[in-house]
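K.L.:
requesting a structural model of the entry that follows:
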Amino acid sequence: MITRYVLIILMPALLATLAVAQDKDRADADDIKNAQQSIEAGDDSLLGILNFSKYKFRDLTIYWDNDGTVPNFIDDTDRYYTNANAIELSFNPRLDHALASRLAISDEKDQRFGVGIALKQRIYTPANILLPNPPARDHPYAGHLALEFSFQRADKHKHDHFGFSLGMTGHTSGAETIQGWIHNTFPDEDDPLGWNTQIPGEPTLNFSFTRTWKSKPADIAGLEIQMLPAVGFDVGTVLVDARTSMTLRFGKHLPDDFGPASLLGHRDHTVRTNEASESNWSIYAYTKLGVDAIAHDIFLDGTVFAGSRSAQREPLVATFTFGLIVQYESFYFGWSQSIQSERFELQPDRQTFGSIVLGCSFDW
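P.N.:
A predicted model of the protein is given here:
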């Protein structure tokens, strides 16, 4: 696999980077003190981002994706991307003026910044969970648990999302435990029997970037309509891809953010829920069409540093999503339905899954 060879080639550079980091850790106390004084003085040192004492809490968000049960009203299945959960915190880093100017997305006056931290778990299974030994080329059993960090910047017209995640696959991800508990708790649920064939445990790291633009809202028949095109990429041991999407939303009192929050995407951390709209409420429906060109997917290609089950990945995957977002004062609710084209060659048809997002902003 090309991706594995690339990673092997990059390993010496990674080790060199770690060596440099160790050397920096050996810096004497005077250098550390000077760096701290530089942050407090408000210069443009990037270390200012790490001045957590200035952070102000914005939002708490909870995500749930599922291919059956409550979120998904089109199908009731238990296969492929079958379940995911996440909890996320958003913060205003309140950067010093010099650092904010250095990190600004443009020369415009109104600049916004946000920081997010999330814990996410994803669960994948083959088509038939009643088989102790699923077909070799079906979607492998896979779980992933990751801690994700993000930094965002925005002005009135565009938004950048920089994300970095550290995670684990295999038993450590807790996927087998969570799915087993859910299926034992709820009646009429089949027990998954093939988790002993899941992809093995392996540490993961991934970097992501997304640029989103926002058009000026148009007024048609009393409704505001807005377009939000986006492009981005992912690179790392979990996913290597390039992607593009277009979101169209229409409703009343559209918020001053850059689109609906999603577990597989991100939330706009640069604005607080209760400050996103000029009114104390907002409601809108939206559609989104996205296309991903994928070079590596650990959940289909298998783990990078050890042999595992795999399936023949499709290079292009399209996802169509429609949903509804409601915001009232400090509370945020979102529901969506996604229809996704085949992700691997032997997949018999498209997949559907539903998503629920709950959020609130409060002083912390």
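K.L.:
which positions in the strand ranked longest in the chain come out as buried?
P.N.:
Longest strand in the chain, counting residues (DSSP state E): strand 281-297. The neighbour-count check on strand 281-297 (16 or more other Cβ atoms under 10 Å) flags 282, 284, 286, 288, 290, 292, 294, 295, 296, 297 as buried. All C-beta atoms are positioned from the backbone trio N, CA, C, and that covers glycine.
K.L.:
which strands or helices does it pack on?
P.N.:
Secondary-structure packing of strand 281-297 (3 or more Cβ pairs under 8 Å, 6 or more residues apart in numbering; DSSP states H and E): helix 2-25, strand 239-252, strand 316-328.
K.L.:
note down every partner strand of that strand and its orientation.
P.N.:
Here strand 281-297 has these sheet partners by DSSP bridges: strand 239-252 (antiparallel), strand 316-328 (antiparallel).
K.L.:
tell me the helix or strand right after it.
P.N.:
Toward the C-terminus, strand 281-297 is succeeded by helix 298-301 as the next helix or strand (DSSP states H and E).
K.L.:
who's in contact with that next one?
P.N.:
Here helix 298-301 makes contact (Cβ atoms under 8 Å, 6 or more residues apart in numbering) with 1, 3, 122, 124, 139-140, 142, 144, 169, 199, 204, 237-239, 304, 310-313, 343-344.
K.L.:
and for residue 55, the neighbour number?
P.N.:
Residue 55: 15 surrounding residues under other Cβ atoms under 10 Å.
K.L.:
again, but for residue 187
P.N.:
Neighbourhood size, residue 187 [other Cβ under 10 Å]: 6.
K.L.:
and it, that's in a strand?
P.N.:
No. The assignment for residue 187, made by DSSP: H, G, I helix; E, B strand; the rest coil, is coil rather than a strand.
K.L.:
quick one: the strands in the stretch 101-250 of the chain?
P.N.:
Secondary structure of the stretch 101-250 of the chain by DSSP state E, counting those that start in this stretch: the strands cover 112-125, 142-154, 158-169, 203-213, 218-220, 223-236, 239-252.
K.L.:
comparing those strands by mean pLDDT, which bottoms out?
P.N.:
Here the lowest mean pLDDT among the strands of the stretch 101-250 of the chain goes to strand 218-220, at a mean of 94.
K.L.:
quick revisit: closest one to residue 363 among the strands of the stretch 101-250 of the chain?
P.N.:
If you check each of the strands of the stretch 101-250 of the chain against residue 363 by Cβ to Cβ, strand 112-125 wins as the nearest, at 16.8 Å.
K.L.:
mean pLDDT lowest for which of the helices and strands packed on strand 281-297?
P.N.:
Among the helices and strands packed on strand 281-297, helix 2-25 scores lowest, at a mean of 43.
K.L.:
hmm, back to that, I'd like the strands paired with strand 281-297 written out as JSON lines, with distance to residue 48 and mean neighbour count added.
P.N.:
Shown next, in JSON lines, are the strands paired with strand 281-297 (distance: least, Cβ to Cβ, whole Å; neighbours: other Cβ atoms under 10 Å):
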{"stretch": "strand 239-252", "distance to residue 48": "30", "mean neighbour count": "18"}
{"stretch": "strand 316-328", "distance to residue 48": "31", "mean neighbour count": "18"}
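K.L.:
need those strands in JSON lines with distance to residue 268, can you?
P.N.:
Converted to JSON lines, these look like this (distance: least, Cβ to Cβ, whole Å):
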{"stretch": "strand 239-252", "distance to residue 268": "12"}
{"stretch": "strand 316-328", "distance to residue 268": "12"}
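K.L.:
figure out which of the ones you listed is closest to residue 361.
P.N.:
strand 316-328 (9.9 Å).
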